[in-house]
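Q: build me a model:
(2 chains)
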2 protein chains.
Amino acid sequence: MNKQIIFKKRPVGNVEADTFELQNNPIPELKEGEILIQNHYISLDPAMRGWMNDTKSYIPPVGINDVMRSGSIGKVVKANKHPIFKTGDCVTGWGGVQQYIVTNGENYYKVDDKLAPMPMYIGTLGMPGMTAYFGITQVGKIKEGDIVLVSGAAGAVGSVVGQIAKIKGCTVIGIAGGKEKCDYVVNELGFDAAIDYKSDDLHEALKEKCPKGIDVYFDNVGGEILDAALTKLRMHARIVICGAISQYNNKVKVKGPSNYLSLLVNRATMQGMVVMDYAKDYGTAAQEMGMWMAQGKLKSKEDIYNGIENFYETYQRLFTGNKKGKLVLKVIEE
Amino acid sequence: MNKQIIFKKRPVGNVEADTFELQNNPIPELKEGEILIQNHYISLDPAMRGWMNDTKSYIPPVGINDVMRSGSIGKVVKANKHPIFKTGDCVTGWGGVQQYIVTNGENYYKVDDKLAPMPMYIGTLGMPGMTAYFGITQVGKIKEGDIVLVSGAAGAVGSVVGQIAKIKGCTVIGIAGGKEKCDYVVNELGFDAAIDYKSDDLHEALKEKCPKGIDVYFDNVGGEILDAALTKLRMHARIVICGAISQYNNKVKVKGPSNYLSLLVNRATMQGMVVMDYAKDYGTAAQEMGMWMAQGKLKSKEDIYNGIENFYETYQRLFTGNKKGKLVLKVIEE
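A: A predicted model of the protein is given here:
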């Protein structure tokens, strides 16, 4: 049997518990060319909120009564004449919030769980890490000496963005919620400074921590923070639009950045990104990031919760900020 | 004597008549290396509104009791041992809203008033034309087959943007206010279609006129039109932020584009521009545009009013839209 989180109802604003339903369904038989994967860990990401909306986006919305979409990592437990994967392979892909999945293996990648623990492959070596890597290098186009501001700085993407920028010789200021997270990004991740958006006056703090302005702003949050960052742009600055978690549960219109004319004054660029576009280069990026990890230059932190029945409660932590690093749910039962 | 429009008072919201004062002041003596220019025509541009605000921008604000800043074209009527300019030269630069200016000639360019009428050198062959040229080619990065949307389509910048895009093989849709302007851009300038923002439903009209979406949006207006355009972006679309005339007289905060997350979904870019950055290439651009004009591919239209004492009334036409093409004020008295 397969415990699954089924998407039952499109939420308006905050996601309520009745958005999902835990079901226990039989596992279908494998057809030729298919594999059965047992999911060990599920990735929880702010993007999930967007996938629940019935609007045109970079991927179709999750359908009502479908398994809730998520990244995942697990092991192949059965294979029916599959050309690539065999029993025992550790694979990562879009397994969804469930314990098992039958698939033809499309969009799955084999990884080596002896080199790194499984949750890291859905964190720093997975989508969030890839988002950070390509976002800050390809869209943010950082170069040595740049002043880089990143929001969601203690999160799965932001923490990696900031560390990569440090590796590349930038000055890095993080924005995070609460003293503990701010201390973490400065003391453990090596950021140059941090701003606590929950207690600091944002404009005053930016003036103090970024007195020369910023060359790159990596935005995971949108809203007031994006608007404040716009006031600090240097000439030819780049804003990477990666997400807007502050706006995802809105019942009203998204808050547009009032200060966008700073783009004109400063000949600056605001550019959106979606990590899937860089899929062909994931391997190269993972290799480089693995090397940085081995050298102790890049730290990875996963916050792992347990039990598929706790999915909803764990998901909420994305929006309350009550987590440290990459949020992961263990769904395999031992 | 020199009739001058003096900037007396920073406006809040709409510019009232007491913002300016007409004065008649003596012309100072020329020092060595200086020239006296008699301004023939003054350029009226939406950017003037921004120069009146005491905020950090791409150039300092106009000072209280200074001559109002403007582009201008005129003739050198006296020269005191000037290394470059001599009496009779036709020159264009930042002469301000006045009949004469004494200057060392910095940032003035000599032009040939036998090749084109003087007003054209502050229109299509001047700042607005250069803004259009570099904005649509360098920032908009148009290529053959692109679908280009431009607001302020009958204006000094927008009309040239659209025509250049047509020359480069794009499909061009203009947005303008009123049937007359819409007819003008389609029938006289050769745009493929036009949307009348004053009477059409913007979203419906965009759906009808841009059924495949847009690759480039050249924005002169901001506000609701920018927000609507964002909903039509194709993958890797570019938005050129050239101006935001709908927001310049705001007493409240600028309306930020609510739909900016379309940049993320469509991996699109929004980039600001200021024409001065391309100054070193003005000559090349003017040559190419002059060639297009000679070939009948690029039309230039100036709307010329008369008399420096009518400056305020003429300036208002920028914001009421009661003008056709490039707004120019003749300040020389015959």
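
Q: every contact and neighbour count from this point should use C-alpha atoms.
A: Will do.

Q: for A:Thr124, give its distance to A:Lys56.
A: 28 Å (C-alpha to C-alpha, to the nearest Å).

Q: more neighbours: the two, which one.
A: A:Thr124 (29 against 12; other C-alpha atoms under 10 Å in any protein chain shown).

Q: A helix includes the more buried one, no?
A: No. Assessed with DSSP: H, G, I helix; E, B strand; the rest coil, A:Thr124 is coil; it does not lie in a helix.

Q: kindly report the residues of chain A close to chain B.
A: Counting by C-alpha under 8 Å from any C-alpha of the partner chain, the residues of chain A lying close to chain B are A:57-58, A:241-244, A:253-274.

Q: which among those count as buried?
A: For these, a burial check counting by 16 or more other C-alpha atoms under 10 Å in any protein chain shown picks out A:58, A:241-244, A:254-274.

Q: ok, back up a step: quick one: which of the residues of chain A next to chain B sit in helices?
A: A:Ser262, A:Leu263, A:Leu264, A:Val265 (DSSP state H).

Q: just checking, the third one touches B:Gly272?
A: Going back to what we said before, that points to A:Leu264. Yes. At 3.6 Å, A:Leu264 counts as touching B:Gly272 under the criterion of C-alpha atoms under 8 Å.

Q: mutual contacts of these two, please.
A: B:Ile241, B:Cys242 (C-alpha atoms under 8 Å, 6 or more residues apart in numbering or on different chains).

Q: so what's the backbone phi/psi at A:Pro119?
A: phi -60, psi -30 (degrees, to the nearest 10).

Q: which ones are touching it?
A: A:Tyr41, A:Ile73, A:Glu302, A:Val328.

Q: which element is the residue nearest the centre of chain A on?
A: Per C-alpha atoms, centre = their mean, the C-alpha nearest to the average position across chain A is that of A:Pro128, at 3.8 Å. Counting by DSSP states H and E, the element that carries A:Pro128 is helix A:127-134.

Q: what pairs with the following helix or strand past that helix, parallel or antiparallel?
A: Downstream of helix A:127-134, the next assigned helix or strand under DSSP H and E is strand A:147-151. Paired strands of strand A:147-151, with direction, are strand A:171-176 (parallel), strand A:214-219 (parallel) (DSSP bridges).

Q: neighbouring contacts of strand A:147-151?
A: Contacts of strand A:147-151 (C-alpha under 8 Å, 6+ apart): A:158, A:161-162, A:165, A:170-176, A:210, A:213-221, A:225.

Q: which of those count as buried?
A: A:158, A:161-162, A:165, A:170-176, A:210, A:213-221, A:225.

Q: show me what contacts the spatially closest residue to A:Val254 that is not a sequence neighbour?
A: Spatial nearest neighbour of A:Val254, excluding adjacent residues (C-alpha to C-alpha, 6 or more residues apart in numbering or on different chains): B:Ser258 at 5.2 Å. Counting by C-alpha under 8 Å, 6+ apart, B:Ser258 touches A:Lys253, A:Val254, A:Lys255, A:Gly256, A:Pro257, B:Asp227.

Q: ok, A:Ala165 touching A:Ile136?
A: Yes. A:Ala165 is within contact range of A:Ile136, at 7.4 Å (criterion: C-alpha under 8 Å).

Q: if we can go back for a sec, which secondary structure elements does the helix holding A:Pro128 contact?
A: helix A:158-167, helix A:282-294 (3 or more C-alpha pairs under 8 Å, 6 or more residues apart in numbering or on different chains; DSSP states H and E).

Q: tell me which of these sits most buried.
A: Mean neighbours per residue, mean count of other C-alpha atoms under 10 Å in any protein chain shown, is largest over the helices and strands packed on helix A:127-134 for helix A:158-167, with a mean of 26.

Q: ok, and what's touching that one?
A: Contact with helix A:158-167 is made by A:124, A:129, A:132-133, A:135-136, A:142, A:148, A:150-153, A:171-174, A:185, A:189-191, A:218, A:220, A:297-300, A:325, as judged by C-alpha under 8 Å, 6+ apart.

Q: show me how far it is from its chain's centre.
A: 14 Å (C-alpha atoms, centre = their mean, to the nearest Å).

Q: so A:Val102, which of the three states?
A: Quick answer, by three-state DSSP: A:Val102 is strand.

Q: nearest residue to it other than its sequence neighbours?
A: A:Leu36 (4.6 Å).

Q: can you read off the pLDDT for that neighbour?
A: Per-residue confidence (pLDDT) for A:Leu36: 98.

Q: quick one: it is in a strand?
A: Yes. Secondary structure of A:Leu36 (three-state DSSP): part of a strand.

Q: burial of it, as a residue count?
A: Quick note: A:Leu36 (other C-alpha under 10 Å) scores 23 neighbours.

Q: next up, the contacts around it.
A: A:Leu30, A:Val76, A:Val77, A:Lys78, A:Ala79, A:Tyr100, A:Ile101, A:Val102, A:Thr103.

Q: and which of these is nearest to A:Ala285?
A: Top of the list for closeness to A:Ala285, among those and by C-alpha to C-alpha, is A:Val76 at 24.8 Å.

Q: so that closest one sits in a strand?
A: Yes. According to three-state DSSP, A:Val76 belongs to a strand.

Q: residue contacts, it?
A: A:Ile35, A:Leu36, A:Ile37, A:Gln38, A:Phe85, A:Lys86, A:Thr87, A:Gly88, A:Asp89, A:Cys90, A:Val91.

Q: do the same with A:Asp227
A: A:Pro257, A:Ser258, A:Asn259, A:Tyr260.

Q: isn't the first one up against A:Leu226?
A: Yes. Distance between A:Pro257 and A:Leu226: 6.7 Å, which falls inside the contact criterion (C-alpha under 8 Å).

Q: where's A:Pro211 relative to A:Ala153, distance?
A: 19 Å.

Q: more neighbours, these two?
A: Using other C-alpha under 10 Å as the criterion, A:Pro211 and A:Ala153 rank with A:Ala153 on top: 31 against 10.

Q: is it true that the more buried one touches A:Ala176?
A: Yes. Counting by C-alpha under 8 Å, A:Ala176 is a contact partner of A:Ala153 at 5.4 Å.

Q: will you turn the contacts of B:Ser258 into CSV that also has distance to A:Asn65 and pLDDT?
A: CSV is the format used below for the contacts of B:Ser258 (distance: C-alpha to C-alpha, whole Å; pLDDT from 0 to 100):
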residue, distance to A:Asn65, pLDDT
A:Lys253, 27, 90
A:Val254, 27, 92
A:Lys255, 31, 92
A:Gly256, 33, 95
A:Pro257, 36, 97
B:Asp227, 34, 97
